[in-house]
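Novice: Curious how this folds, go ahead:
(chains A, B, C and D)
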2 protein chains.
Amino acid sequence: MKRTKKKAFREFIAQKGLKSTRQRDIILDAFLSSDRHMSIEELYLKLRAKHPNIGYATVYRTLKLFAESGIAREIQFGDGQTRYEHVAEGEHHDHLVCTHCGTIIEFENETIEKLQDEVAQSHDFIIETHKLELYGICGKCRK
Amino acid sequence: MKRTKKKAFREFIAQKGLKSTRQRDIILDAFLSSDRHMSIEELYLKLRAKHPNIGYATVYRTLKLFAESGIAREIQFGDGQTRYEHVAEGEHHDHLVCTHCGTIIEFENETIEKLQDEVAQSHDFIIETHKLELYGICGKCRK
DNA sequence: GACAGAAATGAAAGTGATTTTCATAAACAA
DNA sequence: TTGTTTATGAAAATCACTTTCATTTCTGTC
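Specialist: Numbering: from 1, shown residues only, chains lettered A, B, ... in the order given. Here you go, the predicted model:
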């Protein structure tokens, strides 16, 4: 999987006529070996430990590139920070967010997706993407 | 409906020991007679036409008050602008957003809501709120 | 109606998270 | 190796709020 994404990104770079750089490799490795929902800030701080000379702007631009290439996706949970999550080929999932501890759980539900398509159809829409987030309190935090 | 909301807001103001001001009345009228999804900026510009002396901060603060009072709700469509939508008592709905022309259509779907609860339950979550947005192209824009 | 005290307002400054600019450094093709 | 193009890092600029603060308004009282 990790291999696949590295390859996918390399191909994207090549096909766009962009350049392969040391920084992009480092950031890609850091991203791939990270939590599934990293903000720019989080990734930047993680990188600074080993590579204090990488700039914030580079992390920012590279993460955008990941999203463009299709190996990552931007998500917002309303806390004012843009996060990037890994995208698995052809897979889509939604999120359960604990408003108390911030834990994020991913889930998939075929039936919901199907119903969404029906709703869209009935309004003459063709869906490109969707966002479904359930905010609440997780079991741990309730105790 | 408009009457009800005005009354609801007046009651909120009174009960909180806040003051009834000319600006709040003006902003409330403008909000109630607007599109269902206004950003602060949009409402501010609309107001400036007739009331050039009302400040942005006042619009911002008043919209927050509307949300607190329950007659409005904050929503985000990922374009970086916070919008406020009218809230009808006890009603909840989700959105279809045309990524081409920006049209926003509201819809409700009982079955989806029920399935969401099931998902939450299976992860030991208790849902407080949720956000479901379907992004796509509307019929008009496809032509 | 005049007042005191509490709130609200508007202009401007401050914030936080990006986003862009620009001089310099690295890639890549020839 | 060189010329050309793209990327990088530091710093400045943006954007969409948010807060501050000197003034104005409200509102219950006298």
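Novice: mind listing the strands for chain A?
Specialist: Taking DSSP state E, the strands of chain A run over residues A:37-39, A:72-76, A:82-86, A:94-98, A:104-107, A:126-137.
Novice: Of the ones you listed, which stretch is the most buried?
Specialist: Across those, averaging neighbours per residue (mean count of other Cβ atoms under 10 Å in any protein chain shown) puts strand A:94-98 on top, at a mean of 22. Every residue, glycine included, has its C-beta placed from N, CA and C.
Novice: Need the strands of chain A in a markdown table (columns: distance to DNA strand C and mean pLDDT).
Specialist: Compiled in a markdown table, these are given as follows (distance: least, Cβ to the nearest atom of the strand, whole Å; pLDDT from 0 to 100):
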| stretch | distance to DNA strand C | mean pLDDT |
| --- | --- | --- |
| strand A:37-39 | 5 | 93 |
| strand A:72-76 | 8 | 93 |
| strand A:82-86 | 3 | 95 |
| strand A:94-98 | 17 | 93 |
| strand A:104-107 | 16 | 93 |
| strand A:126-137 | 16 | 94 |
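Novice: Would you reformat those strands as a markdown table and include distance to B:Ala14?
Specialist: A markdown table is the format used below for these (distance: least, Cβ to Cβ, whole Å):
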| stretch | distance to B:Ala14 |
| --- | --- |
| strand A:37-39 | 42 |
| strand A:72-76 | 36 |
| strand A:82-86 | 40 |
| strand A:94-98 | 35 |
| strand A:104-107 | 41 |
| strand A:126-137 | 31 |
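Novice: of the ones you listed, which approaches B:Leu43 most closely?
Specialist: Minimum separation from B:Leu43 across these (Cβ to Cβ) falls at strand A:72-76, 22.4 Å.
Novice: That closest one vs strand B:72-76, what angle?
Specialist: If you take axes from the mean of the first three to the mean of the last three Cα atoms, to 10 degrees, strand A:72-76 sits at 160 degrees to strand B:72-76.
Novice: out of everything not next to it in sequence, what's closest to A:Lys19?
Specialist: A:Ile13 (7.2 Å; Cβ to Cβ, 6 or more residues apart in numbering or on different chains).
Novice: Kindly report the same for A:His100.
Specialist: A:Cys141 (3.9 Å).
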